[in-house]
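Participant: here's a sequence, model it:
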Amino acid sequence: MYLNPKCMQSVMKLDAPDELVCAYSRAVMGFLLFHPRPSHILLIGLGGGSLVKYCYRHLPDCRITVLEINADVIAMREQFMLPADDERLRIIHCDAISHLQEHACTADVILLDAYDEDGLVAALNTAEFYATCQHQLTVSGVLVANVWGKPSALAGMLSRLRHVFDRQVWWSRSEDSYNLIVFATKDKNPSRPANTGQHPTLQLEQLTTRLLSIDPDVSFEQPEEELQALKHSLASIMVADDKVPQTYADWKKLVTHQQL
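Facilitator: As a prediction, this is how the structure comes out:
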């Protein structure tokens, strides 16, 4: 799925539609490190439905709600082999900001993965919207955001999330792209399960070694000091990487090689 000619939004294997092909989507599932047994997941942004299909299949005790503003994206759900709405799955055509202001969703996990033809949706990455998401989470809930941009812009996003979530924020770059995956926990003492082998294809143990953060107990006298610390952290990972494919053909070769 492409929302514009230059940016691949989602991809699916026809013979394995539930598989998470993109590394960023496997990293997003890292919320299982913080909340291994969610009962309700709220997704903001449907895309090709990769995350929906994985959660629907591999988390059978979990209810899934999806908020998607683009009717054309929803219209493609059959082509991307998404299951029909039932007692566990509901896809809602709506504006996420208005919907969450008007309805109580009470989610254990919120996956914020909202892009349009212009890229990252700015209105869904503000302090106000982060606060709305935080309010909708259960006591031990987790917000996961898939974001993209220059380190200076990403530092601002991380700063806003740290303010809303009392500095309980971790981040990691995707292995095959420059997407930044961010985890913000409502619980000040989030649990980390010792056994991550239940989902071997996600490679969660490897993700734990790549997670970065600033110690929540560290305080900054000035906001600019925090921004500088965040920029320094991002500068260590948001750098030119020869391993990141530059074209779809290169990316396909990488995925094929990894699966051999």
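Participant: Asp131: which element?
Facilitator: One correction, residue 131 is Ala, not Asp. In this assignment (DSSP states H and E), Ala131 forms part of helix 127-136.
Participant: quick one: strands adjacent to the helix or strand just after that helix?
Facilitator: Next along the chain after helix 127-136, taking DSSP H and E as the criterion, comes strand 137-147. Here strand 137-147 is paired, per DSSP bridges, with strand 107-112 (parallel), strand 180-185 (antiparallel).
Participant: any chance of TSV for those strands, columns distance to Val28 and mean pLDDT?
Facilitator: C-betas here are computed from N, CA, C, even on glycine. Listed next are the strands paired with strand 137-147 as TSV, based on distance: least, C-beta to C-beta, whole Å; pLDDT from 0 to 100:
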stretch	distance to Val28	mean pLDDT
strand 107-112	6	97
strand 180-185	6	96
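Participant: out of those, the one nearest Ala127 is which?
Facilitator: Ala127 sits nearest to strand 180-185 of all the strands paired with strand 137-147, at 12.1 Å, using C-beta to C-beta.
Participant: ok and the closest one relative to helix 127-136, angle-wise?
Facilitator: 50 degrees (axes from the mean of the first three to the mean of the last three C-alpha atoms, to 10 degrees).
Participant: elements contacting the helix or strand following strand 180-185?
Facilitator: Heading C-terminal from strand 180-185, the first helix or strand you meet, by DSSP H and E, is helix 204-210. Counting contacts by 3 or more C-beta pairs under 8 Å, 6 or more residues apart in numbering; DSSP states H and E, helix 204-210 packs against strand 169-173.
Participant: can you rerun that using 7 Å?
Facilitator: Packing partners of helix 204-210 (3 or more C-beta pairs under 7 Å, 6 or more residues apart in numbering; DSSP states H and E): none among the helices and strands.
Participant: report the buried residues of that helix.
Facilitator: For helix 204-210, the neighbour count (16 or more other C-beta atoms under 10 Å) marks 204, 207, 210 as buried.
Participant: quick check: the second one touching Met29?
Facilitator: So that's Leu207. No. Applying C-beta atoms under 7 Å as the test, Leu207 and Met29 come out as separate, 8.8 Å apart.
Participant: could I get the strands paired with strand 137-147 as a markdown table with mean neighbour count?
Facilitator: A markdown table is the format used below for the strands paired with strand 137-147 (neighbours: other C-beta atoms under 10 Å):
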| stretch | mean neighbour count |
| --- | --- |
| strand 107-112 | 25 |
| strand 180-185 | 24 |
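Participant: can you add distance to Asp215 and give those back as JSON lines?
Facilitator: Shown next, in JSON lines, are the strands paired with strand 137-147 (distance: least, C-beta to C-beta, whole Å):
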{"stretch": "strand 107-112", "distance to Asp215": "24"}
{"stretch": "strand 180-185", "distance to Asp215": "14"}
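Participant: quick one: closest of those strands to Leu158.
Facilitator: strand 180-185 (6.7 Å).
Participant: okay, the angle between that closest one and strand 169-173?
Facilitator: With the same axes, to 10 degrees defining the directions, strand 180-185 sits at 160 degrees from strand 169-173.
Participant: how about strand 180-185 as CSV, C-alpha atoms only?
Facilitator: Output of strand 180-185 as CSV, limited to C-alpha atoms (Å, rounded to 0.1, in the frame of the first residue of the first chain):
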residue,chain,number,x,y,z
LEU,A,180,11.5,5.7,15.5
ILE,A,181,9.3,3.4,17.7
VAL,A,182,8.5,5.0,21.0
PHE,A,183,7.0,3.4,24.1
ALA,A,184,5.4,5.4,26.9
THR,A,185,4.0,3.7,30.0
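Participant: give me the distance from it to the chain's centre.
Facilitator: Computed by C-alpha atoms, centre = their mean, to the nearest Å, the chain-centroid distance of strand 180-185 equals 7 Å.
Participant: state the number of residues packed around the nearest residue to Gln134 once chain neighbours are set aside.
Facilitator: Leaving aside its chain neighbours, Gln134 sits nearest to Val164 (5.3 Å; criterion: C-beta to C-beta, 6 or more residues apart in numbering). Other residues lying near Val164 total 22 when counted by other C-beta atoms under 10 Å.
Participant: understood, closing this out.
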